[in-house]
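Engineer: pasting a predicted model and its sequence here:
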Amino acid sequence: MNLPQITVIGSQSSGKSSVLENIVGRDFLPRGTGIVTRRPLVLQLINIPASNQKNKPKFEEWGEFLHKPNEMFPDFAAIRAEIERETDRTTGNNKGVSPEPIRLKIYSPHVLNLTLVDLPGMTRVPVGDQPQDIENQIKNMILTYISNPNAIILSVTAANTDIANSDGIKLAKEVDPEGARTIGVLTKVDIMDKGTDCVDVLMGQVIPLRLGFVGVINRSQNDIKTNKSIPDALKYENEFFSTHPAYRSLAATLGTGYLTRLLNRVLLDHIRNCLPELRAKIAKMLQEAQREMDSYGTVFDDNKGSLLLQVITKFSADFCNAIEGKLGDLSIKELYGGARINYIFTEVFSKCLKTITPNDGLTLNDIRTVIKNATGPRAALFVPEGSFEVLVRRQISRLEEPSLQCVELVYDELQRIVSQLESQELQRFQTLRERVVEVVNRLLQNLKVPTRKMISNLITIEHSYINTNHPDFVGGEGVLAKMSERIARTEPAPLAQPGGALPPQIGARPGVPGQPGVPGQPGVLQPQPVQPGAGFGARPGFGAPAGQPGGFGFGQPRGGELLGQVPSSIKAANPTNSKERFETDLIQNLLSSYFDIVRKNIGDLVPKAIMFFLVNTAKETIQNELVKCLYKEVLFDELLEENPIVASKRKACQEMLDVLKRANEVLMEVREFNPHAIHI
């Protein structure tokens, strides 16, 4: 929030730090030559009434740094040393600057409630190890603070310099051209050249500022060396203005005391002007902080069992709602939960089954081989039924792998849902979350086993009985009729010879083309005469005693001819005639028809089996399983050990709530506050 605050700007050695010390009434800022303030110092002055004896603090005055919480600095010399250490920690010892602020609170009965920001003095020429753009760095840092429309600009200028050349006034004019929120401070009024004064500047005759100029007198370097106290310096300041001929008429509006009261009044008036906006912002921040606080849960003491049951019940309900699509905040960016499971069934699994065709992985050689194997040593007149069943079972088996993969995809999706259920309670208890995820994943793993078994059984069931009586199966009769019609259209029957004789090539004698096979005619084998007394093999040239003409021994092939070797692996060739083509086409058509039936059954039954055995069972048993495994008194302390990060966030959020509530109360009191009720 851009809270109203007073920003102190000015050139180096213009007396900014001395003005702040006079306001506080204590020496606590670093001193030296050149650039001393190298980081913004956000100084909050908090008035603590001295008469409050009920809650009397340990020290009358002390300081606290934001970077050292809960550490009190009653010694203001220690405050100065800590500012120097913290400055060097960020900027080093090379006189560099840093925009990171140091935040300091000073509690005292001698201060008014003010918030001031001491900024580095403006410089033009880099010295020592300072970067060449030191002027721009400091200027940008100052503009960051004074550009805040709720900031009051306290522009400090030495009175013994030309006010028209004041760097502080020049920068203030850039962001506040009308001078509505700028207060001019003239230091070193007492060391102006004799015969000169700054009354015209104080009266606003040189540079008009709506809030005016205030003259102050700071301690000189000699006063500091001689340890002149600030109260003594303030006393000297009052005497100087009240006795000086040029300033005594203005003495009531000069000096550190008046400047402090003016700043307090201006700040309060500024707060009143910003009050509606501030109250609206604080109210909004209060709502956001309260929502965040609610998200961390309440602190519990003894009712751990009830809390654990609440967490388990909430998680189980969220798991079921994620599957059923009953989440309060449905995503519009992507599918989630049960919608993703439906996508697996309809888009992934279903489309995969459609890509598996009945003839995948089968060639004509494969079909002919199965047919021949089913016929055995006989030449079958009809297509053997066994070949059809073998091929059907083989193709049905190809549906098992994608069905099992579908189980794995749904299982992974359920695990995904578990991992995404980041409820507030589970974020709060890290150990409980890990155990819940472990129990649920084990439950899903146990449910996956019977689900896979059921899917395998569905394939086995289809194997066990080939139902050729299925109403959607085309059946052998229908296929035969269609194929006969097709063959009749594409392959005409051979023509018969006159008189009903077969075509010439049928029964013709080998080697004598075109001769009919009629006994007694050329081209037909004639019976050979048998010699008297000759037995089996007594034909000339067959079985004659060895050494006789035309004879050879039994088992001795003529001409030395030998049979070829039988191959170790034999596979049927592609169909070579119309009969084989007919058989092959018939098997293919029957296989395609029956495979479509089985594929439809599997596409319908697999999602049902997964939903019953895995998804629905998980929904119904998840809460009981979590209670059985986790609801044990010996585990309460371990499971409900709060995540340290969440505990830290809750603490910080509670502190923020307290601050915002207090800020809201302060804003309510601003209208009734009288700055003159507190005296310094």
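Structural biologist: Perfect, thanks for sending it.
Engineer: list the contacts for the residue positioned nearest the centre of the chain?
Structural biologist: Central residue of the chain (Cα atoms, centre = their mean): residue 420, 10.1 Å from the mean position. Counting by Cβ atoms under 8 Å, 6 or more residues apart in numbering, residue 420 touches 322, 336. The way it works is simple: take the backbone N, C-alpha and C, and place the C-beta from them, glycine included.
Engineer: got a pLDDT number for it?
Structural biologist: Listed pLDDT for residue 420 reads 83.
Engineer: for residue 233, same thing?
Structural biologist: pLDDT recorded at residue 233 is 88.
Engineer: likewise residue 508?
Structural biologist: Residue 508 is assigned 40 on the pLDDT scale.
Engineer: do you know how far residue 62 is from residue 102?
Structural biologist: Separation of residue 62 from residue 102 (Cβ to Cβ, to the nearest Å): 17 Å.
Engineer: ok, residue 338 next?
Structural biologist: Remark: distance between residue 338 and residue 102 (Cβ to Cβ) = 55 Å.
Engineer: you'd agree residue 290 is up against residue 657?
Structural biologist: Yes. When contacts are counted by Cβ atoms under 8 Å, residue 290 is listed as touching residue 657 (6.7 Å).
Engineer: next, count neighbours for residue 65.
Structural biologist: For residue 65, the count of nearby residues is 17 (other Cβ atoms under 10 Å).
Engineer: test my guess that it contacts residue 78.
Structural biologist: No. Residue 65 is beyond contact range of residue 78, at 10.5 Å (criterion: Cβ under 8 Å).
Engineer: so where's the stretch 501-650 of the chain shaky on pLDDT?
Structural biologist: Counting by pLDDT under 70, the ranges of the stretch 501-650 of the chain that qualify are 501-561, 572-576, 643.
Engineer: state the distance from residue 320 to residue 623.
Structural biologist: 9 Å.
Engineer: with adjacent residues omitted, what lies nearest to residue 321?
Structural biologist: residue 327 (5.4 Å; Cβ to Cβ, 6 or more residues apart in numbering).
Engineer: before we move on, what SS does the one you found have?
Structural biologist: Secondary structure of residue 327, reduced to three states by DSSP: H, G, I helix; E, B strand; the rest coil: coil.
Engineer: return the residues in contact with it.
Structural biologist: Per Cβ under 8 Å, 6+ apart, neighbours of residue 327: 318, 321, 336-337.
Engineer: just the buried ones from the residues you listed?
Structural biologist: Among these, those classed as buried by 16 or more other Cβ atoms under 10 Å are 318, 321, 337.
Engineer: next one, pLDDT for the residue nearest to the last one when sequence neighbours are not counted please.
Structural biologist: Read that as residue 337. Nearest non-adjacent residue to residue 337, counting by Cβ to Cβ, 6+ apart: residue 322, 3.7 Å away. pLDDT, residue 322: 89.
Engineer: tell me the SS of the residue lying closest to residue 191 once chain neighbours are set aside?
Structural biologist: Distance criterion Cβ to Cβ, 6+ apart; nearest residue to residue 191, sequence neighbours excluded, is residue 160 at 6.0 Å. Classification of residue 160 using three-state DSSP returns coil.
Engineer: can we start the residue count at 660 from this point?
Structural biologist: Will do, 660 is the new start, and the previous item becomes residue 819.
Engineer: ok, residue 819 - contacts?
Structural biologist: With Cβ under 8 Å, 6+ apart, residue 819 has these contacts: 847, 850-852.
Engineer: distance of it from residue 856?
Structural biologist: With the distance defined as Cβ to Cβ, residue 819 ends up 11 Å from residue 856.
Engineer: what helix or strand does residue 844 sit in?
Structural biologist: Per DSSP states H and E, residue 844 falls inside strand 841-846.
Engineer: scratch that, residue 1050
Structural biologist: Element membership for residue 1050 (DSSP H and E) is helix 1044-1056.
Engineer: which residues sit against that helix?
Structural biologist: Looking at what lies outside helix 1044-1056 - Cβ under 8 Å, 6+ apart - the contacts are 1017, 1019-1021, 1026, 1029-1030, 1032-1033, 1118, 1121-1122, 1125, 1246, 1249-1250, 1253-1254, 1257.
Engineer: filter these down to the buried ones.
Structural biologist: Neighbour-count burial (16+ other Cβ under 10 Å) is assigned, among the contacts of helix 1044-1056, to 1017, 1021, 1026, 1029-1030, 1033, 1118, 1121-1122, 1125, 1246, 1249-1250, 1253-1254, 1257.
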